[in-house]
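**Student:** Sequence and predicted model, in that order:
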Amino acid sequence: MGEYCISCSSTVDLSNEYMQERGIPYVCFHYEMNGLEYPDDMGKTMSPEELFRRMKNGAETRTSQVTVGEYESFFRPILDSGRDILHISFSSGLSGTFNSARLAAESMRSAYPDRRIYVVDSLAASSGYGLLVDELKRMQDQGADIEEVRDYAEANKLRLHHWFFSTDLTFYIRGGRVSKTAGLIGQVLNICPLLNVNDEGKLIPREKIRGKKHVIRRIVEQMVMHAEGGRDYAGKCFISESLCMEDARETARLIEETFPKLDGPVRIFPIGTTIGSHTGPGTVAVFFWGDKRTN
């Protein structure tokens, strides 16, 4: 069984320390702020907290995906080290980066005909994407070969649930994801939209809930409905948040109270600079394993 590397992109929204500890290399997305380009390098260049503070002060952001050439430069040293590659890509429903990774893999197979290079579309985002990568890395650490891990990812990726809510619609309005009229009415009425990621890896609005306490309860109710085993869920749960740690901690507290058999405490990570450039501050996202996602 040959050595292989599981890799991903920075949009797994974990932490650089976590990635270093697990030995998972990642390729960086990019974002622009007021005309200057930065790498989304899990806070090494700019912390998510600093990004959100600048956005609240009026800074404008836009993001760009990883190019084919950048993927080739990322893959080459791994292949030169004698290892095969299983790259887990950010959702094709949210970015064209999966196609770029696939094209780069085809190019690298021509240059390294003896190496195995696989690219999997995660259909996942943020720390849900991270939770998928975490599970695949666990399988590798326990001795699973590259094809076994790849096949598991393809067969189970739609069991990874993503549920989000936002208490600040400012950047949804600014980015055009919510109309200005609907957004202003929502802010006046204290509406917190509840969204999830569907079976195509796209972010879909599901419910409009009035008030932070109600939306936190509702997101936990969704977990009860969809988690593997219901309240007996024994897997991991990750949360990501954008400058609203108090809300994330309250959500984690209620999840731990509701699901006493969790595999360890809920882990909270910051939403990274790529996804955060679109959501802005005020977003909490919950990720867990459950039934198969549908549209």
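**Tutor:** Perfect, thanks for sending it.

**Student:** When you work out contacts or count neighbours from here on, use the C-alpha atoms and nothing else.
**Tutor:** Fine.

**Student:** number of nearby residues for Ser81?
**Tutor:** 10 (other Cα atoms under 10 Å).

**Student:** Let me know the pLDDT of it.
**Tutor:** For Ser81, the pLDDT comes out at 96.

**Student:** Tyr18: neighbouring residues, count only.
**Tutor:** Based on other Cα under 10 Å, the number of other residues close to Tyr18 is 11.

**Student:** so it sits in a helix?
**Tutor:** Yes - Tyr18: assigned to a helix according to DSSP: H, G, I helix; E, B strand; the rest coil.

**Student:** ok, which stretches of the stretch 151-295 of the chain are helices?
**Tutor:** 170-174, 180-188, 212-226, 245-258, 273-279 (DSSP state H, counting those that start in this stretch).

**Student:** likewise the stretch 1-150 of the chain?
**Tutor:** 16-22, 48-56, 68-80, 97-111, 126-141, 146-156.

**Student:** Can you pull out the low-pLDDT segments for the stretch 101-250 of the chain?
**Tutor:** 169, 171-189 (pLDDT under 70).

**Student:** How far does stretch 157-172 sit from its chain's centre?
**Tutor:** Mean-position distance between stretch 157-172 and its chain equals 10 Å (Cα atoms, centre = their mean, to the nearest Å).

**Student:** Can you point out the buried residues in it?
**Tutor:** 157-172 (16 or more other Cα atoms under 10 Å).

**Student:** show me what contacts the residue nearest in space to the middle of the chain?
**Tutor:** For the chain, the residue nearest the mean C-alpha position is Ser126 (1.4 Å; Cα atoms, centre = their mean). Ser126 is in contact with 11-14, 240, 271-272, 275, counting by Cα atoms under 8 Å, 6 or more residues apart in numbering.

**Student:** Same check on Ala101?
**Tutor:** Contacts of Ala101 (Cα under 8 Å, 6+ apart): 67-68, 71, 89, 119.

**Student:** Now with 7 Å, please.
**Tutor:** Counting by Cα atoms under 7 Å, 6 or more residues apart in numbering, Ala101 makes contact with 68, 71, 119.

**Student:** ok, those residues vs Met42, which is closest?
**Tutor:** Of all those, Met42 sits closest to Tyr71, with 17.7 Å by Cα to Cα.

**Student:** separation between that closest one and Ser9?
**Tutor:** Remark: distance between Tyr71 and Ser9 (Cα to Cα, to the nearest Å) = 10 Å.

**Student:** Looking only at neighbour counts, state which of those two leads.
**Tutor:** Shown here are Tyr71 and Ser9; by other Cα under 10 Å, Ser9 has more neighbours (24 against 21).

**Student:** quick one: the more buried one from Ser122, how far?
**Tutor:** Ser9 sits 11 Å away from Ser122, going by Cα to Cα.

**Student:** any common contacting residues for these two?
**Tutor:** 89-90.

**Student:** Run through who's touching stretch 191-203.
**Tutor:** Taking Cα under 7 Å, 6+ apart as the rule, stretch 191-203 contacts 91-94, 123-124, 158, 162-167, 204-212, 215, 293-295.

**Student:** go with 6 Å
**Tutor:** Outside of stretch 191-203, the residues within contact range by Cα atoms under 6 Å, 6 or more residues apart in numbering are 91, 93-94, 123-124, 162-167, 204-210, 293-295.

**Student:** From those, list the buried ones, please.
**Tutor:** Burial by neighbour count, judged by 16+ other Cα under 10 Å, picks out 91, 93-94, 123-124, 162-167, 209-210, 293 from the contacts of stretch 191-203.
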